[in-house]
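K.L.:
I would like the atomic coordinates for the input below:
(2 chains)
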Amino acid sequence: MLHRSLLLLYLAVITSSEILFLAVDLPLKGKRSPPNAIWPHPQEIQISNDLLYIRPGHIMISSDMEPCDIIAKAIQRYQPVFFPPKLTMHQPPADTSNILRSLTLNVLDNPQCEQYIQYNSNETCNPRFQHRGVLLDSSRHFLPVPLIKKNLDVMAYNKLNVFHWHFVDNQSFPFESRTFPNLSRQGAFSSDHVYTPEDVTSIIEHARLLGIRVIPEIDTPGHTYSWGKSMPELITVCWANGKPYQAIYGQHGEMEIFNPIEPRVYSTMDALLREVKSIFPSNYIHLGNIESIVSNFVRRSNPNISRWMTDNKINSTRDLHSYYANRILDIMRNISAIPIVWQDVWDEKVELPPGTIVQIWKGTSDDDISDEWAPYLNEIAGQGYNVILSSPWYINYINYGHYRTNTTIVNLEFFKYYEVEPLRDFSGSDDAKIRILGGEACLWGEFVDGTNLLARLWPKTAAVAERLWSAASVNNSKDAQFRLDVHRCRLLRRGIPAQPILNGYCGNYELSMPNAMINDPAFNYDISPATDLITTTIKSNSATSYLFDAISSMITSIFASLLLLMNITLATISFKY
Amino acid sequence: MHSSALLLVLLTVVSHSHGKRPRDPLNSFYVQATVGYPWPQPQAIHTTPQQYGVHPAAFHFLVNQTSQTCDLLTSALDRYYKLIFYPYSYLNYILDPESVIDEIKDKPKKTLFDLRDTPLLKRLNVYIQEPCERYPTLESDESYTLTVTSDSAMLEAVSIWGAIRGLETFSHLIYPDDNLGLAINQTTIIDFPRFQHRGLLLDTSRHFISIKTLKINLEAMSSSKMNVFHFHIVDDQSFPYESRSFPDLSGAGAYNQDHVYSQEDIASLIEFARQRGIRVLVEFDSPGHTQSWGRVIDVLTHCYSGGKPNNEFGPMDPSRNSTFSFLKEMFSEVANVFPDHYVHLGGDEVDFDCWRSNPDVQAFMKQMGFGNDYSLLEQYYMQNVVDIVGSTGKGYAVWQEIIDNNVTVKADTVVEVWKDPYPDELARVTKLGYRTLLSTCWYLNYISYGKDWVNYYKCDPHNFPGTDAQKKLVVGGEACMWGEYIDATNVITTTWPRAATVAERLWSAANVTDPNAATPRLEEHRCRYLRRGIPAAPVNGPSYCDFEFNR
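P.N.:
You can find the predicted model right below:
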């Protein structure tokens, strides 16, 4: 929480024209936002109309916690954010004494530089929810490493703190395992479509510096066709009409589900989960469904499994699910990893270890705002499990257009994601409420790859970020869309191709314009992990001058990330004159 | 030569998947792309498994001694040579001819020594029958034949435009091959477009799109043989066109002065399009959709409420002569700047409320004897505008409302249908004898989840009740990418390769309709776009390309 009020600077340098209408017959109501409007909205903020100027390239940022690589790198990283490399900057007026010269980051209470951001249920006030995630799917289409890193940056700009990496599935196995290198050698689309151990490490490191946890998902026993290319012995052969290797259209492929009666499944999973645990510092591993609706067909179709079930007195599909799930959960227990599972496992009434996080994805319809997922929150949290919500935030399901409220119109996709209130229908106890950890925006990869990843996610996902960070009372979508529009321009200045949500323009730093930041080295990463450090130095050409834009947002950005990183509850920002 | 109908009958349409690394035949989890198959589907194509290696040091284009030639051909051959052999560097090259080839990324995968035992394609002979036209027109001939049956291939066309289309096809036939580096299969193609007008509309008013992005889009159009760029350049939201006669229009009507197309920009865009056989059909939409015009020039109707002007503005004001004298000067400039025979006059979605509120307009209605029928006023306005534009010697294209409102237009007018149900609308407009374009079913900005291109693919401009003569009046169609939620961040990824499916509908034979058969070809085409540096998004579900987009 902020003790002192922030003196906010209100300078309209990087302006955008007022957006009057989407179409002439659809005038836009709502409060327009100044160019320094903050996204997500802070828990507390006071704004003065007094101005402070900053000399281009001249602001000292220091911290009482040094040496700390996370802070040092953050200060470095925010240099091109504060002073965009290509933009014309104006010097402050000669006669002003209102110059902001330095920014001190005081970390109170727990002044030690942690290596990794940890999930911490004790944090109060800021933010509203602890788990604020984005799921990316790198199996349906491969997502190049530089873009994954760039996306982590945008997540940090929006104070999101969990990267849920759904990195293998039926379609491909791009994760290069040291234990089982053949999994990606044969299961990846090609040898170019692989995340090497160095890639993975560099992504985790990049996330660490941004205060983002990376949670890998090893989805089994379904969705495992790509595993079978190198390890066919793990996969159930599906039968139909008395014949093996049969696919049934719309139900299952001929080989896409682990064979639950095959011992090598469990030895492989044991070794792989151990390896994953050793690579990913987050204590959490997402186990996917650890069940599969298709296993129903598998059981019925494969005579060996039917026989085994009879021999082992396993009577139902559900019991077979439980059998598989429990064996995997045992492995997790042995390696001291905490499971996250999709809700299907809970639906099947598998008993889960305490602390397990259940991810809710069911209960949406095409209606714009329906909370059919709400009962799941009540029930699952009520049973003592931790919960994260994804149902209303499947960002890959794109929609066109605007939503008409009684008084105005709002960008439809923004409205749909922003109007979600996770606790609107929550009726559980306070204890249960604490177990609702947050949510995730999911971008499944059927129609997403490097071409459209960033534009499709942003700025829509910022709506989810604000819902999970800001107070529940920050929920006026007709005003907020203007603030998000400002935030979109901010993202463009940071080289992110965030797509428009309203008509209008941002500035000459838009994509493909002379000052476009999209390819600027300050905001981009090489394919080779060795050279991805941001080494941009700020050109402080005294001939160019700069009236800076939304410094307050940037300061709270850096401040809030540090707040989280440092695992603190109290901090101050002081301005030295 | 393209009229060799006999040969056309003899050729069968064969789809071959050849060369390259074998893909996993059992894997139905992701789309399998074809290899070296052109998009859009040619009218007739015959290929065999016989491969030729293609190597930059052993291949050249040769213009036949008896062929017509011109600057368009020279630059096209230069372009396609680079496109085939230097795909990584290609996009930079066409945007900035001074840029250098990336010798590392574009290094041939095989040396001539590697290929010493391989039959190589040594040349493509190009023959053009007719002298080059300076600009493509609605009547231009785009047919060609392409024969790759020995080490010396042959491309024959009536016009330069057919040669350019044939070169595009030739570039599709050449594919990366693990053994040969680049390879082409023995192939014979006879090809011509089913429709003459294969357009794409971009809207640069709701959001500005820079000239550079517009050029990338023209390049993408050229890769799918689209030939009309419908430039919806101004609208209510902004006026980015920098007029010679009225520079204040963009001075006040553009978002800001970074968001303006200068005369040099326009000229370079038109030239870029011309080199690809693409017409630039500019649209100055009126009398509605003109809010941005009125910021400096008093041509809009002043709206009234409670007997007083309320500082709001409606459509152009037809009751004042000054409106038309302005338009006369404006359109005579447009006629000079844009070389295409056609100017698109818009004319859609006129709201009558403001006209109704204005006492001067009411008085004018009385004076003209229009009663209370404001569609007569709209008709009067458009009649004046078409006469003004007609007097410049230009033809015009209009949205269908003009015809709906019984405006008398010139016989060569092209009417663009955008309303539903499109079969009825097409039947009605063609019955009146006008040349017609379809765009109703191709509003690409209406995004939805999944493989939505199948709907575009299934839509056919001849799918309406009418006589053969009526069908003949349908000259083509346009994919429309309106700009409410589109700018440089997403225009290319949202348009491509979805617009390519419209391109195939408008180019290929009427019986090329099966989306399942098209899917593997479209997948290859998307990967081809990526290889050329154009970020075409995935549209077929899970898949991969050898060259992924990672910028």
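
K.L.:
who touches the closest residue to chain B within the stretch 51-200 of chain A in this structure?
P.N.:
Sorted by distance to chain B under C-beta to the nearest C-beta, the residues of the stretch 51-200 of chain A start with A:P144, at 3.3 Å. For glycine as for every other residue, the C-beta is placed from the backbone atoms N, C-alpha and C. Taking C-beta atoms under 8 Å, 6 or more residues apart in numbering or on different chains, we find A:P144 in contact with A:450, A:527, B:548-550.

K.L.:
and if we set it to 10 Å?
P.N.:
A:P144 makes contact with A:138, A:150, A:192-193, A:195, A:199, A:449-450, A:453, A:525, A:527, B:548-551 under the criterion C-beta atoms under 10 Å, 6 or more residues apart in numbering or on different chains.

K.L.:
Type out the ChimeraX command that picks the buried ones from the residues you listed.
P.N.:
Of these, the buried ones go into a single ChimeraX selection, burial set by 16 or more other C-beta atoms under 10 Å in any protein chain shown:
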select /A:138,150,193,195,199,449,450,453,525 /B:548,549,550
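
K.L.:
residues from the stretch 201-350 of chain B in reach of chain A?
P.N.:
Residues of the stretch 201-350 of chain B lying close to chain A by C-beta under 10 Å from any C-beta of the partner chain are B:205-216, B:235-238, B:240, B:254-259, B:288-291, B:312-315, B:349.

K.L.:
if we can go back for a sec, let me know the closest of the contacts of A:P144 to A:G355.
P.N.:
When the contacts of A:P144 are ranked by distance to A:G355 (C-beta to C-beta), A:S138 comes first, at 27.0 Å.

K.L.:
wouldn't the closest one be in contact with A:S184 here?
P.N.:
No: using C-beta atoms under 10 Å, A:S138 makes no contact with A:S184, being 11.5 Å away.

K.L.:
joint contacts of the two?
P.N.:
Listed contacts common to A:S138 and A:S184 are A:168, A:172, A:174-175, A:193, A:195; contacts here mean C-beta under 10 Å, 6+ apart.

K.L.:
Just read off the phi/psi values of A:G438.
P.N.:
Backbone torsions for A:G438, taken as degrees, to the nearest 10, come to phi 150, psi -140.

K.L.:
contacting residues around it?
P.N.:
A:119, A:127-133, A:160-162, A:357, A:386-389, A:422, A:464, A:467-469.

K.L.:
where are the low-confidence patches of chain A?
P.N.:
Within chain A, the stretches with pLDDT under 70 are A:1-17, A:109-111, A:119-125, A:249-252, A:291-301, A:365-370, A:528-577.

K.L.:
Show me how it divides into domains.
P.N.:
A:27-113+A:534-576, A:155-160+A:184-353 (the TED database).

K.L.:
would a markdown table of these with distance to chain B be doable?
P.N.:
Rendered in a markdown table, the data for the domains of chain A read as follows (distance: least, C-beta to the nearest C-beta, whole Å):
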| stretch | distance to chain B |
| --- | --- |
| domain A:27-113+A:534-576 | 10 |
| domain A:155-160+A:184-353 | 4 |
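
K.L.:
Quick check: closest non-adjacent residue to the residue nearest to the spatial centre of chain A.
P.N.:
Nearest to the centroid of the C-alpha atoms of chain A, with distances taken as C-alpha atoms, centre = their mean, sits A:V134, at 2.3 Å. Distances taken as C-beta to C-beta, 6 or more residues apart in numbering or on different chains put A:A441 closest to A:V134, at 5.2 Å, once the chain neighbours are dropped.

K.L.:
So what's the gap between the strand or helix carrying that neighbour and the chain middle?
P.N.:
Here A:A441 sits within strand A:436-443, counting by DSSP states H and E. Computed by C-alpha atoms, centre = their mean, to the nearest Å, the separation of strand A:436-443 from the middle of its chain amounts to 8 Å.

K.L.:
and if you look at stretch B:165-175?
P.N.:
That offset, for stretch B:165-175, works out to 18 Å (C-alpha atoms, centre = their mean).

K.L.:
Check which residues of it are buried.
P.N.:
In stretch B:165-175, counting by 16+ other C-beta under 10 Å, buried: B:165-175.

K.L.:
Which of these sits closest to A:Y225?
P.N.:
B:Y175 (27.2 Å).

K.L.:
Model confidence score at the residue nearest to the closest one when sequence neighbours are not counted, please.
P.N.:
Leaving aside its sequence neighbours, B:Y175 sits nearest to B:G36 (C-beta to C-beta, 6+ apart; 3.8 Å). On the pLDDT scale, B:G36 is placed at 97.

K.L.:
show me the contacts for the residue nearest to A:V134.
P.N.:
Per C-beta under 10 Å, 6+ apart, neighbours of A:A441: A:132-136, A:155, A:158, A:160, A:164, A:390, A:392-396, A:417, A:457, A:460-465, A:467-468.

K.L.:
thinking again about what came up before, PyMOL command for the buried members of the residues of the stretch 201-350 of chain B next to chain A?
P.N.:
Command for PyMOL, covering only those of those found buried under the criterion 16+ other C-beta under 10 Å:
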select buried, chain B and resi 205+206+207+208+209+210+211+212+213+214+215+216+235+236+237+238+240+254+255+258+259+288+289+290+291+312+313+314+315
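
K.L.:
so of the residues of the stretch 201-350 of chain B next to chain A, which ones are in strands?
P.N.:
When DSSP state E defines the strands, the subset of those inside them is B:312-315.

K.L.:
burial measure for residue 50, as a count.
P.N.:
Since no chain was named, I'll use chain A. 10 (other C-beta atoms under 10 Å in any protein chain shown).

K.L.:
To clarify, I was referring to chain B.
P.N.:
13.

K.L.:
Report the distance from the helix or strand hosting it to the chain centre.
P.N.:
Using DSSP H and E, the element containing B:Q50 is strand B:44-53. With C-alpha atoms, centre = their mean as the basis, strand B:44-53 stands 29 Å off its chain's centre.

K.L.:
Now do that strand: which elements does it pack against?
P.N.:
Applying 3 or more C-beta pairs under 10 Å, 6 or more residues apart in numbering or on different chains; DSSP states H and E, we find strand B:44-53 packed against helix B:5-10, strand B:144-148, helix B:160-173, strand B:175-177, strand B:181-191.

K.L.:
That's all I had, so thanks and see you.
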